[in-house]
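Participant: kindly return the folded structure for what I paste below:
(chains A and B)
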Protein chains: 2
Amino acid sequence: MTKDITAEILSIGDELLIGQTLNTNAGWMGEQLGLVGIRARRVVVISDDRDDILAALGDAKADVVLITGGLGPTKDDITKHTLCAFFGTRLVRHPDIEARIAAFFESVGREPLEVNRAQADLPESCTVIPNDRGTASGMWFERDGRVYVSMPGVPYEMKAMMQQVVLPQLVDRFAPPAIVHRTILTTGLGESHLAQRIAAWEDGLAADRIKLAYLPSPGLVKLRLSTYANDDPGTARSRVDGQAEQLYTLIPELIFGEGDERLEQVTGRLLKERGQSLSLAESCTGGYVSHLITSIPGSSSFYIGGVVSYANAVKMEELGIPSDMLELNGAVSQPVVERMAVGVREALRTDWSIALSGVAGPDGGTAEKPVGTVWVAVAGPGGVRSFKGFFPGTRDLVIKRSALAALNLLRRALLEAVHAAI
Amino acid sequence: MTKDITAEILSIGDELLIGQTLNTNAGWMGEQLGLVGIRARRVVVISDDRDDILAALGDAKADVVLITGGLGPTKDDITKHTLCAFFGTRLVRHPDIEARIAAFFESVGREPLEVNRAQADLPESCTVIPNDRGTASGMWFERDGRVYVSMPGVPYEMKAMMQQVVLPQLVDRFAPPAIVHRTILTTGLGESHLAQRIAAWEDGLAADRIKLAYLPSPGLVKLRLSTYANDDPGTARSRVDGQAEQLYTLIPELIFGEGDERLEQVTGRLLKERGQSLSLAESCTGGYVSHLITSIPGSSSFYIGGVVSYANAVKMEELGIPSDMLELNGAVSQPVVERMAVGVREALRTDWSIALSGVAGPDGGTAEKPVGTVWVAVAGPGGVRSFKGFFPGTRDLVIKRSALAALNLLRRALLEAVHAAI
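Facilitator: Numbering: from 1, shown residues only, chains lettered A, B, ... in the order given. Below you'll find the predicted structure:
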């Protein structure tokens, strides 16, 4: 068994401690480290204070110490000075880095100030990691078999540095146990029901030396399959792929993608591939499905538009819902949601449409239709289909979970429409 | 000068280290501590591992050590056992807590299992903090003048415990330097321009011993005024209030609220107070403004509905935009956005309407209308007004910043409409 390679992450910045900025870097770094077989053992968040930084550096016991923040051009930014003190070295001007900084400023039509040029003053004993996206360089130190890497705190800059330089070099340096993994994205069943459904398959993973992790978030469960590849790199990939294939045959309707994909991207891509268009009629989700779809660059190529029919009057006038249908069934009902889908599809002349009507809460629930009751319909070339979901929780959760359920209903309808056409 | 009271936060949970769950608790706790005069000096995130927890407890040097996570009913949850080891005590069953747990299960119509009842096994030497919102109790320990508080990791449960018990008792126990503060929320000017605009006022704060912090986030800048109240509690409040009053007269159009309020709440409340209704016509924001408004419970009392007119055909048919107006000016133009606002206000028969049309990017920008160009219009009883904003940045930022600009335009129109009526 290869030795467990561990990492510690030091996040430096007053703004992280006072709740002004959420520390998204540390979790992302922990995830990325895990994917190359390095275990993030602890995260320490400290302020831009010399004593606190020195203490945290001294306390770090992991093989890898990743440091972010405190590399800006202002007086508050003391990380590189403190690293000099810790490693017993001094700052020297790096002409190549200074030239990069000057070029960076030139590219945005500005002149670098001396304070910007001084970002090329870097510790003599470190290996400098150039920054493609900004002016704060990274620094790689080694001491007593331990690697320390200091990176900027700006997520967009840090992520590029991690992916292009730091992670590959850590893998070279430590040869952590190589891991093969696939993350399969599911929606439509909660964690415990999903676990029941795939229990027999899960029991078989041990024989293939595959670990399974359930990673739930509102409306989704990610299934991460991973296995060590060191002993047998050739078969590791095929072991994972073979089990993934079995999972696809087991729960085809629940799997919508892999890795970092979002359901709205997957569904949008299916529409684009088919050259088909979409419209929306939203009630309880209040525009959230529309927001998800339009958050994807290029969604205007398939998304025509939608109606948020919050009041019943809008349902009647814009979507052609007969008032007696509303009176008889209530707005949260199968006939109304199906008519909403058909109505918006006709009004906006699209190939497909989605409609939602439900009780988002916190008020408005009844014994018959409690908060979290949501009707979802999809209309398309082959007609209209609908289902009643129950997504109890806060208003925010009801909205998010029903939006995902609606996108998944459309995704499945799109896939079946292709099968039907063949 | 009173001694600086410091805190350290230990966040326990594997899910925080592997990037599955964002550590929102630590920042929130740091902010809340700051508001009562206790400085969060460091946050340490560790996994549910006995040795790592013991090491972190042993390393903690602050006056207050706040611990979250690892209090669930499963085997992975080892925090209370580890606390027993650290404090040299043992678990004993608390009948009163067991009764609370049983009552909690009864309230949701379920029978507690023994594993649930065992959550009433708590360290003998601690003061138990009952949990109003769940089954994991909090624990308060003291040793060597230091206070250790262990709380559940579920944010909703932790926050109630902090606000109802922990923060007030920490204030009693340590009498930290009392701080009087007000957080004033602004929108419409970026941080540096805002700073220029209020520079003279800011210079005058020192004489009143008031500190000012700029807390920027997309589309917003919060201004936090704070002063120590210990020496002179009577005047601290009036010093802060006096300066806040001056700020209100200086930038009335930029201030939309205070504290934790959101712009959509403030705008919604103005509509509710007036008994007036709202409709929306969104193009580039794709339903995001509608989502913001409908995320507020009770928004159905003033929000009638909206149209997301992503394609020009929808602008023409649903909102009555003449095709020659679109051809002549383009969709991102003053005549079109004003006609959108007037059109949706008429179609949905509301008192007010908001319309947006812009270039969200990343594609679609031109030299004349680059990505980030957004026209915003508000129509109301007194007519229609509009302005062109420029919000460069990623697609996500363009959408968020223009949505806030639109809500602020409506807020200002609502306030002026009242003045006009008087």
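
Participant: what sits against the residue lying closest to residue A:86 once chain neighbours are set aside?
Facilitator: Ranked by CB to CB, 6 or more residues apart in numbering or on different chains and with sequence neighbours excluded, the top spatial neighbour of residue A:86 is residue A:57, at 5.0 Å. Backbone N, C-alpha and C define where each C-beta goes, glycine included. For residue A:57, the contact set (CB atoms under 8 Å, 6 or more residues apart in numbering or on different chains) comprises A:10, A:65, A:67, A:82-83, A:86, A:148.

Participant: distance of the most centrally placed residue in chain A relative to chain B?
Facilitator: Taking CA atoms, centre = their mean, the centroid of chain A lies closest to residue A:260, which sits 5.8 Å from it. Per CB to the nearest CB, to the nearest Å, residue A:260 is found 12 Å from chain B.

Participant: one more: residue A:313?
Facilitator: Distance, residue A:313 to chain B, by CB to the nearest CB: 7 Å.

Participant: ditto for residue A:100
Facilitator: The gap separating residue A:100 from chain B is 24 Å, by CB to the nearest CB.

Participant: just the pLDDT for the residue nearest to residue A:86.
Facilitator: pLDDT recorded at residue A:57 is 96.

Participant: please identify which helix or strand holds it.
Facilitator: Element membership for residue A:57, per DSSP states H and E: helix A:50-59.

Participant: close to chain B: what parts of the stretch 301-422 of chain A are there?
Facilitator: Counting by CB under 8 Å from any CB of the partner chain, the stretch 301-422 of chain A comes close to chain B at A:303-311, A:313-314, A:317-318, A:347-349, A:360-363, A:395-396, A:399.

Participant: so which of those residues belong to helices?
Facilitator: Of those, the ones assigned to helices by DSSP state H are A:313-314, A:317-318, A:347-348, A:395-396, A:399.

Participant: what subset of those is buried?
Facilitator: Buried subset of these (neighbour count, 16 or more other CB atoms under 10 Å in any protein chain shown): A:313-314, A:317-318, A:347-348, A:395, A:399.

Participant: and the next helix or strand after the helix holding residue A:57, how far out from the chain's middle?
Facilitator: Counting by DSSP H and E, the next helix or strand C-terminal to helix A:50-59 is strand A:64-68. Relative to its chain's centre, strand A:64-68 lies at 22 Å (CA atoms, centre = their mean, to the nearest Å).

Participant: strands paired with strand A:64-68, and their directions?
Facilitator: According to DSSP bridges, strand A:64-68 has the following sheet partners: strand A:5-12 (parallel), strand A:146-151 (parallel).

Participant: what pLDDT, on average, does the first one get?
Facilitator: Averaging pLDDT along strand A:5-12 gives 96.

Participant: do the same with the shortest one
Facilitator: In this model, strand A:146-151 has an average pLDDT of 98.

Participant: going by neighbour count, list what's buried in that strand.
Facilitator: Buried, per 16+ other CB under 10 Å, within strand A:146-151: A:147-151.

Participant: for chain A, which residues score under the pLDDT cut-off?
Facilitator: The model of chain A has pLDDT under 70 over residues A:1-2, A:231, A:233, A:418-422.

Participant: now do the residue sitting furthest away from the middle of chain A against residue A:339, distance only.
Facilitator: Checked against the mean C-alpha position of chain A, the extreme residue using CA atoms, centre = their mean is residue A:324, at a distance of 44.0 Å. Distance, residue A:324 to residue A:339, using CB to CB, to the nearest Å: 12 Å.

Participant: what of residue A:28?
Facilitator: On the measure of CB to CB, residue A:28 and residue A:339 end up 44 Å apart.

Participant: which of these two has more neighbours?
Facilitator: Legend: neighbour count by other CB atoms under 10 Å in any protein chain shown for residue A:28 and residue A:339, higher for residue A:339 (25 against 17).

Participant: with adjacent residues omitted, what lies nearest to the more buried one?
Facilitator: Among residues not flanking residue A:339 along the chain, residue A:321 sits closest, at 5.2 Å (CB to CB, 6+ apart).

Participant: and chain A, what are its domains?
Facilitator: As assigned by automatic domain parsing, chain A contains the domains A:5-174, A:179-258, A:265-421.

Participant: deepest of the ones you listed, which one?
Facilitator: domain A:265-421 (a mean of 21; mean count of other CB atoms under 10 Å in any protein chain shown).
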